[in-house]
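J.: what follows is a predicted protein model with its sequence.
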Amino acid sequence: MPPDLILFDLDGTFADTAPDLAHALNRVLEEYHCPPLPLATIRPVVSLGGTALINLAFDLDEGDPGFEERRRRFLDIYLEDIAGHTCLFPGMEEVLDYIEKDRRRWGIVTNKPAWLTDPLLAALAMTRRASCVVSGDTLAERKPHPAPLLHACELADSVPTRAIYIGDARRDVEAGHSAGMPVIVAGYGYIPPGEDPVAWGADGMISSPLELLAWLE
């Protein structure tokens, strides 16, 4: 049967958040008198989170002197204008319209903490449209653990066998399969060079959100 619940990862799958994250990261680099990084360098790292971005910019690991100070400053700047240049990926609005007109439901499952997820979705006018939103700190577990996806199914009054998950990272595939649902890789997302998403073992891959419509039928 076609899925009645469509779940999306947020950064790199549902919305193109890289421009605003790159802006915040380059602001921190500027404050520390370092040259900016091009968006093309930052973009593939976005799905790995703030820790990976600070590592990219400053070659610092979590626990290193100065790491937490820079990470905190980066997130503060990002929150100030969280959706200044962020938008849904082209075709995503049409996909959501299709889902809603067909009286099916959709939701977000992300490792982004709620204090960033919630204002971002509000700025995109998506809060009331989503049937469920599970952030990285909603539960004790995060992806690749299946618990966030199972929780999303409960919130949306569905079951994993009637759900489908779309993400742009290996952990998304691992989480979805562990939860017992098919997973589609967003090939247009933030996939680092050298990664082979075909090797992740997903059930399919799309190069644009509109290609998802064939899977929903």
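T.: That came through fine.
J.: pull the CA atoms of stretch 167-187 into CSV?
T.: Provided in CSV are the C-alpha atoms of stretch 167-187 (Å, rounded to 0.1, in the frame of the first residue of the first chain):
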residue,chain,number,x,y,z
GLY,A,167,17.2,11.7,4.2
ASP,A,168,20.6,12.6,2.9
ALA,A,169,22.9,10.8,5.2
ARG,A,170,23.9,7.2,6.0
ARG,A,171,22.5,7.5,9.5
ASP,A,172,19.1,8.3,7.9
VAL,A,173,19.1,5.0,6.1
GLU,A,174,20.3,3.1,9.1
ALA,A,175,17.6,4.7,11.3
GLY,A,176,14.8,4.1,8.9
HIS,A,177,15.6,0.5,8.2
SER,A,178,16.1,-0.2,11.9
ALA,A,179,12.6,1.3,12.4
GLY,A,180,11.2,-1.0,9.7
MET,A,181,10.4,1.6,7.0
PRO,A,182,11.7,2.1,3.5
VAL,A,183,14.2,5.0,3.0
ILE,A,184,14.8,7.2,0.0
VAL,A,185,18.1,9.1,-0.3
ALA,A,186,17.8,12.8,-1.2
GLY,A,187,20.6,12.8,-3.8
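J.: so who does the closest residue to Ala114 other than its chain neighbours touch?
T.: The shortest distance from Ala114 to any non-neighbouring residue, by Cβ to Cβ, 6 or more residues apart in numbering, is to Ser135 (3.9 Å). Yep, even glycine has a C-beta here, placed from its N, CA and C like the rest. For Ser135, the contact set (Cβ atoms under 8 Å, 6 or more residues apart in numbering) comprises 110-114, 117-118.
J.: mind checking how far Ser135 is from Trp200?
T.: To Trp200, Ser135 is 23 Å away according to Cβ to Cβ, to the nearest Å.
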